[in-house]
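Colleague: please find the sequence and the predicted model below.
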Amino acid sequence: KAGVTQTPRYLIKTRGQQVTLSCSPISGHRSVSWYQQTPGQGLQFLFEYFSETQRNKGNFPGRFSGRQFSNSRSEMNVSTLELGDSALYLCASSLGGQEYGYTFGSGTRLTVV
Amino acid sequence: AQKITQTQPGMFVQEKEAVTLDCTYDTSDPSYGLFWYKQPSSGEMIFLIYQGSYDQQNATEGRYSLNFQKARKSANLVISASQLGDSAMYFCAMREVSGGSNYKLTFGKGTLLTVNP
């Protein structure tokens, strides 16, 4: 059974650009969550999607957005990149109910220069 | 206030010995779940063990066990017979069921475990 796949693994962008990260969940999982990990702030929740609907959103500016497709794949977009957006972005998939755990991908390491 | 507190930034243990990683949490939600994840230097978060707030017994998964003390709001991870491959960052996380916190994990700052040969 394939795990959670995040692409790309590494990305270097320039300040002011935008970026799109992709996450393919485990087959059958309908929930996808995104987290940002930085040395200073640790792991912070960005948002969660279930069946194409955003169910929860963290405290991030509107430059951070996401969506989920009908096949449960999810994308996260960051517009007008800032240096502080440099981080490891982790995606987690789940069956979606409260009783289920989360399986994480290997992450996308974004560097903004 | 921090919801998940991991007071040990770093821990050292000798190979084959047991180690306990501390985690305390803060919630007023009667229904919640507690998770432990391992993050090696590669970055992937690996699920280790889960404890539900209503579970009567402490969770165990192979060499991992969770010492759940509900009244003290602590959920310490115990790793028995440490191996060199256990060297990694360990995160405690909580999912609350109500109060708009559904479907998200709140993480602690982590503990960096180093296993010495």
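Modeller: Everything's here; your move.
Colleague: CA atoms for contacts and neighbours, from now on please.
Modeller: Noted.
Colleague: was I right about A:Thr53 contacting A:Gln68?
Modeller: Yes. The pair A:Thr53 / A:Gln68 is scored as a contact, 7.3 Å apart, by Cα atoms under 8 Å.
Colleague: between these two, which has more neighbouring residues?
Modeller: A:Gln68 (23 against 12; other Cα atoms under 10 Å in any protein chain shown).
Colleague: for the chain, what spans make up the strands?
Modeller: Using chain A. All strands of chain A, identified by DSSP state E, fall at A:5-7, A:10-13, A:19-24, A:31-38, A:42-50, A:53-57, A:64-68, A:74-78, A:87-94, A:103-104, A:108-112.
Colleague: wrong one, I was asking about chain B
Modeller: Taking DSSP E as the test, the strands found in chain B are B:4-5, B:10-14, B:19-21, B:24-25, B:32-39, B:46-52, B:60-61, B:64-69, B:74-79, B:88-96, B:106-107, B:111-116.
Colleague: for the ones you listed, which one ends up most surrounded?
Modeller: When you average the neighbours per residue for each of the strands of chain B (mean count of other Cα atoms under 10 Å in any protein chain shown), strand B:88-96 leads with a mean of 24.
Colleague: that one packs against which elements?
Modeller: Where contact means 3 or more Cα pairs under 8 Å, 6 or more residues apart in numbering or on different chains; DSSP states H and E, strand B:88-96 is packed against strand B:4-5, strand B:32-39, strand B:106-107, strand B:111-116.
Colleague: got the angle between it and strand B:32-39?
Modeller: Angle of strand B:88-96 versus strand B:32-39, following axes from the mean of the first three to the mean of the last three Cα atoms, to 10 degrees, is 160 degrees.
Colleague: adjacent strands (with direction) for strand B:88-96?
Modeller: The strands beside strand B:88-96 in its sheet (DSSP bridges) come out as strand B:32-39 (antiparallel), strand B:106-107 (antiparallel), strand B:111-116 (antiparallel).
Colleague: switch those over to a markdown table; also include distance to B:Phe68 and mean pLDDT.
Modeller: Shown next, in a markdown table, are those (distance: least, Cα to Cα, whole Å; pLDDT from 0 to 100):
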| stretch | distance to B:Phe68 | mean pLDDT |
| --- | --- | --- |
| strand B:32-39 | 9 | 94 |
| strand B:106-107 | 17 | 94 |
| strand B:111-116 | 18 | 98 |
